[in-house]
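Undergrad: coordinates only, sequence not included:
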Ligand SMILES: Nc1ncnc2c1ncn2[C@@H]1O[C@H](COP(=O)(O)OP(=O)(O)OP(=O)(O)O)[C@@H](O)[C@H]1O
Ligand SMILES: [Mg+2]
């Protein structure tokens, strides 16, 4: 990842984001100038361990994996900020809508911010939590005296009703994650559903306001999120991800999962037409050793799974030719050659992979998009407030040396 040094931003307004994906952990340390400009000062990645299909199964292994990513991120800067905003591993999220009705004490008076918050609070109370914790409760619609309004604050009314979109996470998993982060001596500044973070980077502000669909093809599943009016209006998942393709390859080609990952990344393509019929490569088959197979054969297996996934998305969202919103994809599977073309063919729309083309800064760091989005979201919501991180004498010396060499 390209380093981005800024002369104008101070060295000590640092924030830390940790995106805990099911295949990899990304850590980003960034400088935040005046609360809006984010300058990446260090980034690090490690393979995820201690999580099975989203559930934290070994806290010590997860601590070690996060620590590896953090050490890589802090290599250049020599500082580990104390506050971290983290994404919650993709496991058993529950989504839904609930409503809250608030009758102000003085009828017909102007509704205040406190009234708005009271209505949202009431809506949250109606959510059945059982074994879950509410991660986000996003107000998507307000009605004053049964009339839909953009914001109720300042309007005269006798009743205020709010519809809230909620996202719940498995409470055992959240508590295990908290304990993991605390073991690393970090303070949790916020926990975020990762598609909300991704949307900050992969969608432009205009797209988030006017409406856009963000499809994140992750390791074990694909999240589909619809943004409009700068709000996450709806979200859902399909239990197919990049690792599903690996399992298909392992089965069909009799190879181990790591070998499936290797050949998929090295030889995989969705641009089947442009693969020479005679094009072959070697793989290490279980019980057979190194054998040659046709590249087209393997790529057709990948193609079938991606085709199935995209068709399921089209059906779930109801994408038709007149679908008026931008469609944006992210997640490492979208790096497979020919992805944009197959996505366009199956959805019948232009599909963009990655951040908006005009956003040069985000393109530099697109690989760490979700982690960067955590910082952006944390700043917008006030979850992270950048503060001075005092340097000890060793860190100051390190800093000086790194500037000289
Ligand atoms: N060049 C590539 N071509 C195709 N697939 C790839 C490529 N690079 C990585 N992948 C696949 O992408 C998947 C991981 O995607 P990603 O890194 O977006 O997941 P994650 O963020 O760890 O998981 P999640 O967000 O679901 O928790 C793996 O299955 C991996 O095989
Ligand atoms: Mg991810």
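TA: Received it, and whenever you're ready, just let me know what you need. On a predicted model such as this, the values are computed, not experimentally measured, just so you know. Ligands and ions are numbered 1, 2, ... in the order given.

Undergrad: point me to the residue of this protein nearest ligand 2.
TA: Nearest to ligand 2 in the chain, going by C-beta to the ion, is residue 21, at a distance of 3.8 Å. Backbone N, C-alpha and C define where each C-beta goes, glycine included.

Undergrad: contacts only, for that residue.
TA: Listed by C-beta atoms under 8 Å, 6 or more residues apart in numbering, the contact set of residue 21 reads 48, 87, 89-90, 194, 218-219, 370.

Undergrad: at 10 Å instead, please
TA: For residue 21, the contacting residues are 45, 47-48, 51, 87, 89-90, 194, 216, 218-220, 331-332, 370-371, by C-beta atoms under 10 Å, 6 or more residues apart in numbering.

Undergrad: wait, which of those residues is closest to residue 240?
TA: Of all the contacts of residue 21, residue 240 sits closest to residue 220, with 8.4 Å by C-beta to C-beta.

Undergrad: sorry, back to before: separation between the residue of the chain closest to ligand 2 and residue 206?
TA: Residue 21 sits 27 Å away from residue 206, going by C-beta to C-beta, to the nearest Å.

Undergrad: I'd assumed residue 273 was in a helix, is it?
TA: Yes. Checked against DSSP: H, G, I helix; E, B strand; the rest coil, residue 273 lies within a helix.

Undergrad: ok, it touching residue 338?
TA: Yes. Here residue 273 lies in contact with residue 338, judged by C-beta atoms under 10 Å, at a distance of 8.8 Å.

Undergrad: looking at these two, which one has more neighbours?
TA: residue 338 (19 against 7; other C-beta atoms under 10 Å).

Undergrad: quick one: contacts for that one?
TA: Contacts of residue 338 (C-beta under 10 Å, 6+ apart): 268-275, 299, 302-303, 306.

Undergrad: try residue 368
TA: Residues near residue 368 by C-beta under 10 Å, 6+ apart: 1, 17, 19, 26-28, 30, 40, 43-45, 73, 201, 362, 374.

Undergrad: try it again at 6 Å.
TA: For residue 368, the contacting residues are 26, 28, 43, by C-beta atoms under 6 Å, 6 or more residues apart in numbering.

Undergrad: could you check the pLDDT of it?
TA: Note for residue 368: predicted pLDDT of 94.

Undergrad: one more: residue 2?
TA: 31.

Undergrad: and for residue 32?
TA: On the pLDDT scale, residue 32 is placed at 85.

Undergrad: in this structure it contacts residue 17, no?
TA: No. Counting by C-beta atoms under 6 Å, residue 32 does not reach residue 17; the two are 11.1 Å apart.

Undergrad: the more surrounded of those two?
TA: Counted by other C-beta under 10 Å, residue 32 and residue 17 do not tie: residue 17 has more neighbours, with 32 against 22.

Undergrad: how about the more buried one: which residues does it bridge to?
TA: Bridge pairing for residue 17 (DSSP bridges) gives the partners residue 28, residue 85.

Undergrad: contacting residues around it?
TA: Residue 17 makes contact with 28, 85, 371, 374-375 under the criterion C-beta under 6 Å, 6+ apart.

Undergrad: go with 7 Å
TA: 28, 84-85, 371, 374-375 (C-beta atoms under 7 Å, 6 or more residues apart in numbering).

Undergrad: in JSON lines, list the residues you listed along with neighbour count.
TA: Listed next are the contacts of residue 17 as JSON lines, based on neighbours: other C-beta atoms under 10 Å:
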{"residue": "28", "neighbour count": "29"}
{"residue": "84", "neighbour count": "25"}
{"residue": "85", "neighbour count": "27"}
{"residue": "371", "neighbour count": "34"}
{"residue": "374", "neighbour count": "35"}
{"residue": "375", "neighbour count": "25"}
